[in-house]
Each structure stands twice: as structure tokens, then as C-alpha cells.
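Asks: I'll drop the sequence and a predicted model, then ask my questions.
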Amino acid sequence: MPETSVSTMHRLRRSLLDLARRFRAWRQRIRVGKEIREARGLCLLHEWLGPAQKEQFEAARYFEVIGCHTRKRYRIHYGRAGNVSELDDNGRPVQGLCFVPEGTLVAGDVMLAQKIALETNELTALAVANKFPVRTGER
């Protein structure tokens, strides 16, 4: 192989290795940034939860709220979509609800928005929510 081809191959190899290193570093920064956003969202949610809600969330990764208009109970599970259940008088899910704020938000921020919507403007939240059936024993 001619010497210019060998040196070209070495430069190409170094460039590819450098590109791979920079890509790994970029991916790490993205992952750390997402983890920070997730933690901040959960901290803010935690600040807004009442004592019973905090206890529920810490034990089972969900909390319950009471709708301001109908007084129905809802269970908000950890998640960003399709994570709200309307409950019957015995605490069993009767239907699932999917309503989320606009934008790309972490789970804690979405759950806080859902909590505030149901506790302060329930009928509007229900009007925009997609409703879906739930199976026994699930959300």
C-alpha cells in the first residue's frame, strides 16, 4: 500500500475515533441533563402534594386527588400520558384518562399539571381528556 494511503487511513481512523469520543460525551451530557430535569420535576411535584398524597406516592408511585366539581376520586400514576384513572367508591378504576399539558415535559411536571387541573378545573380537564377502558387490577 502506498505511504500516502496509509497516512490517509490513519488520519481517517483518528477522525472517526475523535468523532465517536465526542458523540459519547454529548450523549452523556444529554442523559445527565434529562436526569436533572426529572429530579427537578419530582421535587416540584413533591412540594405540591399533601401529606397523604406524599405517602401514597412514596409507597406506590401514584397519588389520589378529588375533582373540584364532581368530587370524584382520581388516581394519578407516575407517567406522562394515559396515567390517570377515575375511581369508583371502592377505589377501583372505572376508566382511564389521558390529558397532558402542551410541550415536552418530564413526568413530575405532567403529573403536577394533571393534579392542578383536576383540583381546580376538573370539567375542562375532562372535556379534553381521551377516555379509555381499564382492566380490573390495572390503572
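Replies: In hand now; what should we look at?
Asks: Show me what the top helix by length along the chain is packed up against.
Replies: Longest helix of the chain, by residue count under DSSP state H: helix 3-48. Counting by 3 or more CB pairs under 8 Å, 6 or more residues apart in numbering; DSSP states H and E, the packing neighbours recorded for helix 3-48 are helix 51-60, helix 107-120. The way it works is simple: take the backbone N, C-alpha and C, and place the C-beta from them, glycine included.
Asks: Which one of these lies nearest to Leu45?
Replies: When these are compared by CB to CB, helix 107-120 sits nearest Leu45, at 4.1 Å.
Asks: Quick one: mean pLDDT over the closest one.
Replies: Averaging pLDDT along helix 107-120 yields 98.
Asks: Offset the numbering so it begins at 469, please.
Replies: Got it, the first residue is 469 from now on, which makes the last one we talked about helix 575-588.
Asks: residues of the helix or strand following that helix that come out buried?
Replies: Per DSSP states H and E, the first helix or strand lying C-terminal to helix 575-588 is helix 590-596. If you call a residue buried by 16 or more other CB atoms under 10 Å, then helix 590-596 has these buried ones: Glu590, Ala593, Leu594.
Asks: related to what we said a few turns ago, winner for burial among the helices and strands packed on helix 471-516?
Replies: helix 575-588 (a mean of 21; mean count of other CB atoms under 10 Å).
Asks: how about that one as PDB, C-alpha atoms only?
Replies: Taking C-alpha atoms only, helix 575-588 is exported to PDB below (Å, rounded to 0.1, in the frame of the first residue of the first chain):
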ATOM      1  CA  ALA A 575     -43.300  13.100  34.400                       C
ATOM      2  CA  GLY A 576     -43.300  15.100  37.600                       C
ATOM      3  CA  ASP A 577     -44.300  18.300  35.700                       C
ATOM      4  CA  VAL A 578     -47.000  16.500  33.800                       C
ATOM      5  CA  MET A 579     -48.400  14.900  37.000                       C
ATOM      6  CA  LEU A 580     -48.400  18.200  38.800                       C
ATOM      7  CA  ALA A 581     -50.300  19.800  35.900                       C
ATOM      8  CA  GLN A 582     -52.900  16.900  36.000                       C
ATOM      9  CA  LYS A 583     -53.300  17.300  39.700                       C
ATOM     10  CA  ILE A 584     -53.800  21.100  39.500                       C
ATOM     11  CA  ALA A 585     -56.300  20.700  36.600                       C
ATOM     12  CA  LEU A 586     -58.400  18.100  38.400                       C
ATOM     13  CA  GLU A 587     -58.400  20.000  41.700                       C
ATOM     14  CA  THR A 588     -59.100  23.500  40.200                       C
END
